[in-house]
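Q: sequence first, then the predicted structure, then my questions.
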Amino acid sequence: MEPAEATVALTADGVTVLIDAAAGRLPALLHWGSALPSLDARQAETIRTARIPVIGSNNADVPLRLAVLPEQHAGWLGRPGISGSRGGRAWSPRFTTTTVRVDGAAVSGFVSTGAALVEAAAVDTAAGLELLLAVELLPTGLLRSRASLTNTADEAYHLDDLVLAYPVPAEASELLDFGGRHNRERIPQRGPFALGTHLRENRKGRTGADSAYLLHAGAPGFGFADGEVFAVHTAWSGNHTHFAERIFTGERVLGGGELLLPGEIRLARGDTYRSPWLYGAHGRGLDQVAGRFHRHLRARMQPVSVDRPVTLNVWEAVYFDHNQDRPRRGALCTRRRVVRRSSARPGRPGGLGGLARGVAGRAAPADRPGAQAGHAVRAVVRAGDGQRRLRRGQGTP
């Protein structure tokens, strides 16, 4: 199959994303930022040429090209997009993009449109891997992307890490994310975008008071209404990462993905792993960045119904008096009304967490597939609703 040859410009709500997928290479962002009105093929080619870095001393002989899924073979010396191998082999895949689609229609050459989904199908026959990389600009100006990796070889492929990254300009020299603890959540922390990696890892299996939440990079001193700001958010409530990385040649990225534990993902032939969405927001000041997320959530095609179960949280009511009779009476009372679930803080003296689960009739959540003793590790894919799904392929238990 011939390598794909496409350049796609997406513009929505004051944001333009210019995607380069020429010469069969993985999609790279030539521009992510303020809208570029009336962009044509000649201008897009000029931007591509201007983005080719100068080859300095002690650098690779071939100019670095940074794709949305960063590749080691392309000269990227930062965190690679894919970390994995077959027993120490096939650890640096080299994908060739064969098809580029915009909202499902195959395209070639220069294409300019509004908000749309761009999908690039790529293959590395030597490594026995296929990749589907999705990059989408939403009507709110939010950028998001995710990757699906499929094993096409007979031997299992052990995937250790899959992250995506967006380039940001040198002017974005200050970082902002969040930390915190119980009763003191969402504490902002700022610092310089220094050489190396600023890494935030969540290993709790869920979000928490110390969540990075959004990782921002912007002009020095950016505020709520001023300064150009870029931000990323990994849309996954389990173990996940956010990172900001700047390498010695000057390139800097914001990225993220799921945090995989050792041996968690083993792809048998035909198995697919699909990453969570990595969202990106650009704006003038923090308010505009946040506003894009707010409008996206409010415009969901399937909003949450007002007729839904209600959770009654009672643990604050018994914080200083762990008497089981009071929450038991309350929980039994709520079952006769509209409340479907009563919740008490687990781990408190007196077993209130167990009481709440017993009264509500809910079993403790099961561990993820493959976590129990005697279970084989199986490939995990994501459904459209963001939930985990297993795809059974040949050789999968």
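A: The structure has been received and is ready for your questions.
Q: what helices or strands is the longest strand anywhere in the chain leaning on?
A: When the chain is parsed with DSSP state E, its longest strand is strand 157-168. Applying 3 or more Cβ pairs under 8 Å, 6 or more residues apart in numbering; DSSP states H and E, we find strand 157-168 packed against strand 28-34, strand 82-85, strand 143-151, strand 228-234, strand 240-246, strand 252-258, strand 265-267, strand 278-284. Heads up, the C-betas are built off the backbone N, CA and C, glycines and all.
Q: what's in contact with the second one?
A: Judged by Cβ atoms under 8 Å, 6 or more residues apart in numbering, the contacts made with strand 82-85 from elsewhere in the structure are Leu69, Ala90, Trp91, Pro93, Leu149, Tyr157, His158, Leu159, Asp160, Asp161, Leu162.
Q: any figure for the gap between the last one and Asp210?
A: Separation of Leu162 from Asp210 (Cβ to Cβ, to the nearest Å) stands at 24 Å.
Q: ok, back up a step: would CSV of the helices and strands packed on strand 157-168 with distance to His182 and mean neighbour count be doable?
A: Shown next, in CSV, are the helices and strands packed on strand 157-168 (distance: least, Cβ to Cβ, whole Å; neighbours: other Cβ atoms under 10 Å):
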stretch, distance to His182, mean neighbour count
strand 28-34, 36, 19
strand 82-85, 33, 20
strand 143-151, 31, 23
strand 228-234, 22, 25
strand 240-246, 20, 24
strand 252-258, 24, 25
strand 265-267, 32, 24
strand 278-284, 26, 24
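Q: tell me the SS of Thr49?
A: Here Thr49 is recorded as helix under DSSP: H, G, I helix; E, B strand; the rest coil.
Q: ok, Leu162 and Asp210, which is more surrounded?
A: Just comparing Leu162 and Asp210: by other Cβ atoms under 10 Å the higher neighbour count belongs to Leu162, 24 against 18.
Q: surely the more buried one is in contact with Ala147?
A: Yes: using Cβ atoms under 8 Å, Leu162 makes contact with Ala147 at a distance of 6.2 Å.
Q: overlap in contacts, these two.
A: Shared contacts of Leu162 and Ala147, counting by Cβ under 8 Å, 6+ apart, come down to Leu69, Gly81, Ser275.
Q: residues touching the first one, list them.
A: Meaning Leu69. By Cβ under 8 Å, 6+ apart, Leu69 lies in contact with Leu26, Gly81, Ile82, Leu131, Leu133, Ala147, Leu162, Leu164, Ala165.
Q: for Ser34, state which of those is nearest.
A: Proximity of these to Ser34 (Cβ to Cβ) peaks at Ala165, which lies at 20.4 Å.
Q: so the closest one sits against Val253, correct?
A: Yes: applying Cβ under 8 Å, one finds Ala165 in contact with Val253, separated by 4.0 Å.
Q: what sits in contact with each of those two?
A: Common neighbours of Ala165 and Val253, using Cβ under 8 Å, 6+ apart, are Leu66, Pro70, Glu245.
Q: ok so, going back, and the longest strand of the chain, average pLDDT?
A: The average pLDDT within strand 157-168 is 98.
Q: swap in stretch 65-74?
A: For stretch 65-74, the mean pLDDT works out to 96.
Q: from the chain's centroid, how far away is that stretch?
A: The chain centroid and the centroid of stretch 65-74 are separated by 17 Å, computed with Cα atoms, centre = their mean, to the nearest Å.
Q: over to stretch 258-272?
A: Relative to its parent chain, stretch 258-272 has a centroid offset of 17 Å by Cα atoms, centre = their mean.
Q: so the closest residue in space to Gly24 that isn't next to it in sequence, which of the three states?
A: In space, Gly24 comes closest to Pro3 once its chain neighbours are excluded; the distance is 2.5 Å by Cβ to Cβ, 6 or more residues apart in numbering. When classified by three-state DSSP, Pro3 comes out as coil.
Q: hang on, Pro3 packs against Ala23?
A: Yes: contact criterion Cβ under 8 Å: Pro3 and Ala23 qualify, at 6.1 Å.
Q: more neighbours: which of the two?
A: Neighbours were counted for Pro3 and for Ala23 using other Cβ under 10 Å; Pro3 has more, 14 against 11.
Q: for Thr97, see how far away that one is.
A: Using Cβ to Cβ, Pro3 is found at 6 Å from Thr97.
Q: what is in contact with those two at once?
A: Common contacts of Pro3 and Thr97, defined by Cβ under 8 Å, 6+ apart, comprise Gly24.
Q: which intervals of this structure have sub-threshold pLDDT?
A: Applying pLDDT under 70 to the chain picks out residues 303, 331, 334-397.
Q: could you chop it up by domain?
A: What automatic domain parsing lists as the domains of the chain is 6-302, 310-360.
Q: pick the most deeply packed of those domains.
A: domain 6-302 (a mean of 18; mean count of other Cβ atoms under 10 Å).
Q: for it, measure first residue to last.
A: For domain 6-302, the first-to-last residue distance is 33 Å (Cα to Cα, to the nearest Å).
Q: can you check stretch 17-33 too?
A: With Cα to Cα as the measure, stretch 17-33 spans 7 Å from end to end.
Q: can you tell me the helix or strand for the closest residue to Asp61 other than its chain neighbours?
A: Leaving out its chain neighbours, the residue that sits closest to Asp61 by Cβ to Cβ, 6+ apart is Ile55, at 6.8 Å. According to DSSP states H and E, Ile55 maps onto no helix or strand at all.
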